[in-house]
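1. for reference, the sequence and a predicted model appear below.
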Amino acid sequence: KIRGDQILLMAVLCLRDNVRSDAVETVNVLRKAGIQVVMVTGDAEETAVAIAKEAGIIEDEKTELALTHDEMEQMTDDELKEVLPKLRVVSRAKPLDKKRLVTLAQEREDVCGMTGDGVNDAPALKQADVTLDDITAIGVTYGPGLVGALLVGVAEAKAIAYARNLPLVGVHHIEGHVSANYIEHPDLEPPFLCAIVSGGHTHLVIVKDYGQFEILGRTRDDAAGEAFDKVARAIGLGYPGGPKIDKLAKEGNPDAIEFPRAKIGENPYDFSFSGVKSAVLNYLNGAKMKGEEVNRADIAASFQKAVVDVLVEHTMQAAADFGMKKVAIAGGVASNGALRTAMEKACTERGYKFYRPSPIFCTDNAAMIGVAAYYEYIRGTRHSWDLNAVPNLKLGER
Ligand code: KG4
Ligand code: ZN
């Protein structure tokens, strides 16, 4: 930010105990460049105080504006705004009201740095029994998706990668879903056919190589998961609807109601799910007008069958046309029991090998992004510090 003849650096620093020496070095580099460094932390360990002392920013926290949470709580916004540029360290066990601080700092257009909430304590690292020292690269989803959610991940990934001097590897969300198949199937190698069915996407692709896709077909309207969610809402099940329909369908008759299977003109591999969704809504409306009770389990089972039939049919058609002997499914809807059973049966009948991730790796998860990042890393993909969220990132784009 340039104000007057000054350049102000506004930054969020994530400072952690086990990167303390790196943090001290970073602080020293910044100060040599004439940049004011302010530290704000909510950590119990008071990492920022320790780093500030080591970096020589403060000698005595008592006299050099190291405010406690309670002291700051009691200050008015104006008082806080006054004190912010003079602050050196704010630290105490209780979490700070970071939003208030950031807002006030922005109003002043002054420098404000702060720590986050425990990257090192991340349960995933603990569960895997590793620390950041064991990590080779940082992978992160940078698209497609909602920009707010993407930005949180990208900013965090950049901060960790920068602080640890690790390569940054941006990953396409859908490439992550496909890669979930590699987690438990070490024998699976491209090329193979993959039906990607999630809440936002329905794609039929040939995975030509790791991270290389030929898109055969896609949905023309609703994604498969979206149809599940909308129908679930219509029959009074909550969000996300997929798992609830899956469960309720087990008590229903899939042949009770004949919902339409959309046929699409030119491209035999494209999908359309808005028709079957509308048919369910019409069915419900019709019953309501006549004052008839509906059997929700039958609706769930019949709707699910209509979706599954189309997914299996198109996938088998593509497998035959392109001579694919390996078929995989991916995405949240791939955890659907009926889809897994039907796809497996169809593959077995034709002598194809069928792959699917465990349900926990079907819906959005970080493991699949890690695996996708692994293969991207191997093929040499590296992103620079200007990596940004790309809400409409295309599959196969880098
Ligand atoms: O892949 P995902 O976790 O998020 C996106 O990238 O969209 O997919 C979420 C979608 C939701 O629409 C959810 O209803 C659906 O996957 N889903 C299911 C099942 N579990 C999740 N759909 C059908 N059956 C399920 N068991
Ligand atoms: Zn997803």
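-> Arrived safely, thanks for sending. Numbers count the residues shown, from 1 in each chain. Ligands and ions are numbered 1, 2, ... in the order given.

2. how near is the residue of the stretch 51-200 of the chain found nearest ligand 1 to V231?
-> Per CB to the nearest ligand atom, G199 is where the stretch 51-200 of the chain lies closest to ligand 1, at 2.8 Å. Quick note: C-beta positions are derived from backbone N, CA and C, even for glycine. If you measure G199 against V231 using CB to CB, to the nearest Å, the figure is 13 Å.

3. and those two? Which one has more around it.
-> V231 (26 against 21; other CB atoms under 10 Å).

4. does that one belong to a helix, a strand or coil?
-> helix (DSSP: H, G, I helix; E, B strand; the rest coil).

5. what's near enough to touch it?
-> Residues in contact with V231, defined by CB atoms under 8 Å, 6 or more residues apart in numbering, are G241, I245, K277, V280, L281, I299, A300, F303.

6. next one, pLDDT for V37 please.
-> pLDDT for V37: 71.

7. ok, back up a step: whichever of the contacts of V231 end up buried, select them in PyMOL.
-> Those of those that count as buried under 16 or more other CB atoms under 10 Å are selected in PyMOL with:
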select buried, resi 241+245+277+280+299+300+303
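
8. closest one of the contacts of V231 to ligand 2?
-> G241 (15.2 Å; CB to the ion).

9. I figured that closest one hits K230, correct?
-> Yes: using CB atoms under 8 Å, G241 is in contact with K230, at 7.3 Å.

10. okay, now the residue in the stretch 251-398 of the chain positioned nearest to ligand 1: neighbour count?
-> Proximity of the stretch 251-398 of the chain to ligand 1 (CB to the nearest ligand atom) peaks at G332, 2.1 Å away. A count of nearby residues for G332, using other CB under 10 Å, gives 24.

11. which ones are touching it?
-> V197, S198, G199, G225, P240, G242, C362, T363, D364.

12. one more pass at 6 Å, please.
-> By CB atoms under 6 Å, 6 or more residues apart in numbering, the residues touching G332 are S198, G199, G225, C362, T363.

13. so what's the fourth one up against?
-> To tie it back to what came earlier, the one meant is C362. Contacts of C362 by CB under 6 Å, 6+ apart are G332, A334, S335.

14. hmm, try it at 10 Å
-> 177, 180-181, 197-198, 242, 329-336, 340, 356, 368 (CB atoms under 10 Å, 6 or more residues apart in numbering).

15. can you check the third one too?
-> For G225, the contact set (CB under 10 Å, 6+ apart) comprises 197-202, 240-242, 273, 307, 331-334, 336, 363.

16. what's the closest non-adjacent residue to Y269?
-> Nearest residue to Y269, sequence neighbours excluded (CB to CB, 6 or more residues apart in numbering): G217, at 2.8 Å.

17. show me what the helix or strand in which that neighbour is found is packed against.
-> Here G217, judged by DSSP states H and E, is contained in strand 212-218. Counting by 3 or more CB pairs under 10 Å, 6 or more residues apart in numbering; DSSP states H and E, the packing neighbours recorded for strand 212-218 are helix 173-184, strand 192-197, strand 202-209, helix 296-322.

18. Throw these into TSV and include mean pLDDT and distance to ligand 1, thanks.
-> As requested, those are arranged in TSV below (pLDDT from 0 to 100; distance: least, CB to the nearest ligand atom, whole Å):
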stretch	mean pLDDT	distance to ligand 1
helix 173-184	97	6
strand 192-197	98	8
strand 202-209	97	10
helix 296-322	97	8
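
19. of those, which is nearest ligand 2?
-> Closest among the helices and strands packed on strand 212-218, using CB to the ion: helix 173-184, at 5.6 Å.

20. how about that closest one: buried residues?
-> Those would be H173, I174, E175, G176, H177, V178, S179, A180, N181, Y182, I183, for helix 173-184 by 16+ other CB under 10 Å.

21. thinking again about what came up before, can you tell me which of the contacts of G225 are up against ligand 2?
-> With the criterion set as CB under 5 Å from the ion, the members of the contacts of G225 near ligand 2 are S198.

22. what parts of this protein come near ligand 2?
-> S198, D364.

23. could you pull out the strands in the chain for me?
-> For the chain, applying DSSP state E gives strands covering 2-3, 6-7, 39-40, 66-67, 89-90, 138-143, 168-172, 192-197, 202-209, 212-218, 326-330, 353-355.

24. in JSON lines: those strands, plus mean neighbour count.
-> Formatted as JSON lines, the strands of the chain follow (neighbours: other CB atoms under 10 Å):
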{"stretch": "strand 2-3", "mean neighbour count": "8"}
{"stretch": "strand 6-7", "mean neighbour count": "10"}
{"stretch": "strand 39-40", "mean neighbour count": "26"}
{"stretch": "strand 66-67", "mean neighbour count": "21"}
{"stretch": "strand 89-90", "mean neighbour count": "24"}
{"stretch": "strand 138-143", "mean neighbour count": "24"}
{"stretch": "strand 168-172", "mean neighbour count": "27"}
{"stretch": "strand 192-197", "mean neighbour count": "27"}
{"stretch": "strand 202-209", "mean neighbour count": "22"}
{"stretch": "strand 212-218", "mean neighbour count": "18"}
{"stretch": "strand 326-330", "mean neighbour count": "26"}
{"stretch": "strand 353-355", "mean neighbour count": "18"}
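
25. next one: the closest residue to L284 other than its chain neighbours from K126, what distance?
-> Spatial nearest neighbour of L284, chain neighbours left out: A234 (5.8 Å); criterion: CB to CB, 6+ apart. A234 sits 41 Å away from K126, going by CB to CB.

26. so between these two, which is more surrounded?
-> A234 (18 against 11).

27. hang on, the more buried one packs against A287?
-> No: A234 lies out of contact with A287 (CB atoms under 10 Å); the separation is 11.6 Å.
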